[in-house]
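**Q** Got a predicted structure here, sequence first:
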Amino acid sequence: MKNLDFKKLLVLLLIIAAAVAVVFLIFKVVSKDSLNDEEKKKIEEKVSSYYTNLTDGYTTVYGGTDMLFQKESTTFADLETASVIYTAIKYAENNEIDTSVKTMYLDSIKAEGKYGDLSDYSAYSGTGVREAIKALFGEVNYTDTSSTDNHNFKYDYVYISKYDLYLMKKSNALEIENSKQHVEKHVIKTEEKEDKIVTTVAIAYVYDDGTTIKYASDKNVIVEDVKEFPTDFIDKFDKFEITLTKKDNNYIFESIKKVK
């Protein structure tokens, strides 16, 4: 009887040990695949700074930001050249990507006299711009080209292949941006979905004249006189999912889609 009890106890201990081992393995797999707080912060900063601002620079009262959220979905292929270059330059400047241009190139361009007064321009190396594009969008089909005929974008870009550089200057587009109005984004969550990373954001159109603050979903005012994004009313605002893929320890843009 005692031997039988010992055998039962041994079997029970083995079962418990096996269960603990299984739980431990599951925990390791989940931990390996799950995003930690540092990764989420990195992703959400990139989303908030760049991917939800892909149409910045267009001449609307919201500085162009609103144009992105008037579409059901946007991929890299949907972006105009001006948007790609504008976003890439901003990313390069914020992430220590070298976009400097050799003085000898600028001297040569000035001597040629084709582009007028070079003091009206800022210059960026093609190499630096392409590096930033790759960091943002991965190995995409992008061809260096000028963008000077977009009449509702506040900058013109001239690509000079001979020196592999971009010249940027203010365009003749009529600026109508209103300092009292802006688009505000609120990150709701960031999660893994299969092999993708998806960040969900809510979008509000804000009017602030220094006295009254109004938060609206498109043209419908949701709440007034609040000092920050009214998360209590989050369900009343449009939401978008920004999907990224992981490539060589970097998170790159795949799409932004309206949540239906």
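**A** Good, I have the coordinates.
**Q** so where's this protein uncertain?
**A** Applying pLDDT under 70 to the chain picks out residues 1-14, 17-33.
**Q** can you do 80?
**A** Along the chain, segments meeting pLDDT under 80 span 1-34, 219.
**Q** tell me, what residue is most central in it?
**A** For the chain, the residue nearest the mean C-alpha position is residue 51 (1.9 Å; CA atoms, centre = their mean).
**Q** how much space between it and residue 83?
**A** With distances taken as CB to CB, to the nearest Å, residue 51 is found 12 Å from residue 83. C-betas here are computed from N, CA, C, even on glycine.
**Q** and residue 255, how many neighbours?
**A** By other CB atoms under 10 Å, the residues close to residue 255 number 19.
**Q** Actually, residue 244.
**A** By other CB under 10 Å, neighbour count at residue 244 equals 21.
**Q** Same question for the one 4 residues further on.
**A** Burial of residue 248, expressed as a neighbour count using other CB under 10 Å, amounts to 6.
**Q** For it, list the residues it contacts.
**A** By CB atoms under 8 Å, 6 or more residues apart in numbering, the contact set of residue 248 is empty.
**Q** I'd like the distance between it and residue 138.
**A** Note on residue 248: its distance to residue 138, by CB to CB, is 9 Å.
**Q** One more: residue 69?
**A** According to CB to CB, residue 69 and residue 138 sit 23 Å apart.
**Q** More neighbours: which of these two?
**A** A side-by-side neighbour count of residue 69 and residue 138, using other CB under 10 Å, places residue 69 first with 20 against 17.
**Q** Now that one: closest residue in space, sequence neighbours ignored.
**A** Spatially, and ignoring its direct neighbours in sequence, residue 69 is nearest to residue 203 (5.2 Å; CB to CB, 6 or more residues apart in numbering).
**Q** buried sites along the helix or strand encompassing that neighbour?
**A** For residue 203, the element it lies in under DSSP states H and E is strand 196-208. Residues of strand 196-208 classed as buried: 197, 198, 199, 200, 201, 202, 203, 204, 205, 206, 207 (neighbour count, 16 or more other CB atoms under 10 Å).
**Q** Could you do stretch 147-156 as well?
**A** For stretch 147-156, the buried set under the neighbour-count rule, 16+ other CB under 10 Å, comprises 147, 148, 150, 152, 153, 154, 155, 156.
**Q** Give me the residues contacting that stretch.
**A** Identification of contacts with stretch 147-156 by CB under 8 Å, 6+ apart yields 57-59, 64, 80-83, 85-86, 157-158, 168-173, 175.
**Q** Buried only: go through those for me.
**A** Counted by 16+ other CB under 10 Å, the contacts of stretch 147-156 give 57-59, 64, 81-83, 85-86, 157-158, 168-169, 171, 173 as buried.
**Q** any idea whether residue 235 is helix, strand or coil?
**A** Secondary structure, DSSP: H, G, I helix; E, B strand; the rest coil: residue 235 is helix.
**Q** Please enumerate the helices of the stretch 101-250 of the chain.
**A** Taking DSSP state H, counting those that start in this stretch to define them, one finds helices in the stretch 101-250 of the chain at 103-112, 126-137.
**Q** Would you mind pulling up the elements that the last one packs against?
**A** This points to helix 126-137. helix 81-94, strand 165-170, strand 250-258 (3 or more CB pairs under 8 Å, 6 or more residues apart in numbering; DSSP states H and E).
**Q** Check the contact between the residue nearest to the centre of the chain and residue 253; I expect there is one.
**A** Yes - between residue 51 and residue 253 there is a contact under CB atoms under 8 Å: 5.4 Å.
**Q** which residues are common contacts for these two?
**A** 136, 242, 244.
**Q** okay, now the second one: neighbour count?
**A** The one in question is residue 242. Neighbours of residue 242 under the rule other CB under 10 Å: 27.
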